[in-house]
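J.: this one's structure only:
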């Protein structure tokens, strides 16, 4: 504990859970410990959030490699986010290691000498979990497992994200999607689990058992993946029926980086209570509710799963049905945490996922959230329709509703019918025969925005 106390640093005060205005919790500056290695390696401790370290949570060491043109500050920011992921998964980051090298080591990602140092760092801080910020290949993960103590687990960012999704999934659809992603992730990593039974190990009574077990496990996983895909097709059919029922109302989808404030905005627009927590991926299951934009214009608002950098591709594929809400919506609102120092990178990550879903990013409304935490004018991404808001305080929400209404009414297939103030038979017939999207009353007369059947 003395080594840990030596590097203890102050941490920014944590916002109470449930406020839903979660700015990323960035630790204070951490001292770099020079250990005389040939390649520069930063090792820091005390990243344990104070009292949380004594609560029995799993202690973890974070590892990253700075390669090529990558900036050290960007890698440190990625590790800050990885620390938040570990926190959301129920662990606590107690130390970190950052190594600079031309390229990752093909065998262990960080090199044999650094693996030995990593084992010592984990032992010094009582950590039983090593988390790498980048994806590890199956061979790298296997070599690390073999080189590190038997009681130390090795995960990469994708593994932590999958664990969080498994923890957060509540609906049948989300649970199926998470299990599918987990099995896809594990398929290439089965060799680690059965290395002790491998044919190469030799010995009387063990020859061939490992390979047979691996083949058996792979067959079981493939069959389970097939079953899950069939069930997800059934769920998608059910979701399609629900979409047809809601088709009379225009659809609005909220997308954005995790913890950008989508759930708080969803709560403000729909007027329904939902889980709002200052953690990454606090909400996972999609929800759709009715919302009023004014002048009688009603829409459905869908809250989708958050984006994050380095999101596993198999996870995106598993959640494609959920993310389809964004692709099928008439209007997409891209929620961005304007108070975050890396807001531009988070916007770019979200737009990359939207493009993959077939959504044109420039056609989205960018809601610059948390402007109550920004001094001066909020950042404005070029070439985008932007609205500055604070989902927590309600600032700018009227402007956002107006922008949403304008975008909805600009959709093809809508028509404006005008009637005199007294209405008459023509108005009554329109109300009976047309799908009324919005109504406007003024001294000049009555306007109906209708969708033709």
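T.: Looks like it arrived, so ask away. Remember, predicted model here, so these are calculated numbers, not experimental data.
J.: against which helices or strands is the helix or strand encompassing residue 81 packed?
T.: For residue 81, the element it lies in under DSSP states H and E is helix 72-88. Applying 3 or more CB pairs under 8 Å, 6 or more residues apart in numbering; DSSP states H and E, one finds that helix 72-88 makes contact with strand 58-66, strand 91-100, strand 129-132, helix 157-168. In short, each C-beta sits where N, CA and C put it, glycine included.
J.: can you show me the strands along the protein?
T.: For the chain, the strands defined by DSSP state E cover 41-45, 58-66, 91-100, 129-132, 153-156, 251-256, 287-294, 297-303, 331-337, 365-369, 385-388, 414-419, 435-442, 445-451.
J.: what angle do the last one and strand 297-303 make?
T.: Orientation note: strand 445-451 sits at an angle of 40 degrees relative to strand 297-303 (axes from the mean of the first three to the mean of the last three CA atoms, to 10 degrees).
J.: strand 445-451: how far from the chain's middle?
T.: Offset of strand 445-451 from its chain centre (CA atoms, centre = their mean, to the nearest Å): 40 Å.
J.: other SSEs contacting it?
T.: Contacts defined by 3+ CB pairs under 8 Å, 6+ apart place strand 445-451 against strand 414-419, helix 425-433, strand 435-442.
J.: most packed of these?
T.: Burial of these is given as mean neighbour count (mean count of other CB atoms under 10 Å); strand 435-442 ranks first at a mean of 16.
J.: who does it pair up with?
T.: Using DSSP bridges, strand 435-442 pairs in its sheet with strand 445-451 (antiparallel).
J.: the partner strand: which residues count as buried?
T.: Residues of strand 445-451 classed as buried: 446, 447, 448, 449, 450, 451 (neighbour count, 16 or more other CB atoms under 10 Å).
J.: repeat for stretch 323-336
T.: Under the neighbour-count criterion of 16+ other CB under 10 Å, stretch 323-336 has 323-326, 328-336 buried.
J.: over to stretch 388-408?
T.: For stretch 388-408, a neighbour-count test (16+ other CB under 10 Å) marks 388-392, 395-397, 400-401, 403-405, 407-408 as buried.
J.: what of stretch 382-389?
T.: Buried positions in stretch 382-389, judged by neighbour count with 16+ other CB under 10 Å: 384, 386, 387, 388, 389.
J.: same deal with stretch 89-99?
T.: 89, 91, 92, 93, 94, 95, 96, 97, 98, 99.
J.: how about stretch 346-359?
T.: By 16+ other CB under 10 Å, the buried positions in stretch 346-359 come out as 346, 347, 349, 350, 351, 353, 354, 357, 359.
J.: touching, residue 253 and residue 302? I think so.
T.: Yes. Counting by CB atoms under 8 Å, residue 253 touches residue 302, with 4.7 Å between them.
J.: need the residues touching each of these two.
T.: Listed contacts common to residue 253 and residue 302 are 325, 326, 329; contacts here mean CB atoms under 8 Å, 6 or more residues apart in numbering.
J.: could you dump those into TSV and include distance to residue 60?
T.: What follows is these, written out as TSV (distance: CB to CB, whole Å):
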residue	distance to residue 60
325	34
326	33
329	38
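J.: still on that earlier bit, for the helices and strands packed on helix 72-88, give me TSV that also has mean pLDDT and distance to residue 85.
T.: Shown next, in TSV, are those (pLDDT from 0 to 100; distance: least, CB to CB, whole Å):
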stretch	mean pLDDT	distance to residue 85
strand 58-66	94	10
strand 91-100	94	9
strand 129-132	95	8
helix 157-168	86	5
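J.: so which of these gets nearest residue 273?
T.: helix 157-168 (17.8 Å; CB to CB).
J.: pull the distance from that closest one to the chain's centre.
T.: Its chain's C-alpha centre and that of helix 157-168 lie 10 Å apart, by CA atoms, centre = their mean.
J.: before we move on, the earlier item: among the buried residues of strand 445-451, which one sits closest to residue 421?
T.: Residue 421 lies nearest to residue 446 out of the buried residues of strand 445-451, by CB to CB, at 6.7 Å.
J.: tell me the contacts of that closest one?
T.: By CB under 8 Å, 6+ apart, the residues touching residue 446 are 418, 419, 420, 421, 423, 427, 439, 440.
J.: any idea what the second one is bridged to?
T.: On the basis of DSSP bridges, residue 419 takes part in beta bridges with residue 446.
J.: isn't it right up against residue 448?
T.: Yes. Here residue 419 reaches residue 448: they are 7.3 Å apart, a contact under CB under 8 Å.
J.: how about stretch 116-123: buried residues?
T.: Neighbour-count burial for stretch 116-123, counted by 16+ other CB under 10 Å, picks out 117, 118, 119, 121, 122.
J.: repeat that for stretch 181-192.
T.: Buried residues in stretch 181-192, counted by 16+ other CB under 10 Å: 181, 182, 183, 184, 185, 186, 190, 192.
J.: for these, give me JSON lines that also has pLDDT and distance to residue 378.
T.: Output for the buried residues of stretch 181-192, formatted as JSON lines (pLDDT from 0 to 100; distance: CB to CB, whole Å):
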{"residue": "181", "pLDDT": "86", "distance to residue 378": "35"}
{"residue": "182", "pLDDT": "87", "distance to residue 378": "38"}
{"residue": "183", "pLDDT": "88", "distance to residue 378": "42"}
{"residue": "184", "pLDDT": "85", "distance to residue 378": "39"}
{"residue": "185", "pLDDT": "84", "distance to residue 378": "38"}
{"residue": "186", "pLDDT": "82", "distance to residue 378": "43"}
{"residue": "190", "pLDDT": "70", "distance to residue 378": "48"}
{"residue": "192", "pLDDT": "46", "distance to residue 378": "47"}
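J.: of those, closest to residue 69?
T.: Using CB to CB, residue 185 comes nearest to residue 69 of the buried residues of stretch 181-192, at 28.7 Å.
J.: hang on, the earlier thing: rebuild the buried residues of stretch 323-336 as a markdown table, extending it with distance to residue 371 and pLDDT.
T.: Output for the buried residues of stretch 323-336, formatted as a markdown table (distance: CB to CB, whole Å; pLDDT from 0 to 100):
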| residue | distance to residue 371 | pLDDT |
| --- | --- | --- |
| 323 | 27 | 72 |
| 324 | 30 | 71 |
| 325 | 26 | 72 |
| 326 | 23 | 77 |
| 328 | 29 | 80 |
| 329 | 24 | 86 |
| 330 | 26 | 87 |
| 331 | 21 | 92 |
| 332 | 20 | 94 |
| 333 | 15 | 95 |
| 334 | 15 | 95 |
| 335 | 12 | 95 |
| 336 | 10 | 95 |
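J.: return the member of these nearest to residue 160.
T.: Lowest distance from residue 160 to these (CB to CB) belongs to residue 323, with 20.5 Å.
J.: correct me if wrong: residue 141 contacts residue 189.
T.: Yes. If you go by CB under 8 Å, residue 141 and residue 189 touch, sitting 6.3 Å apart.
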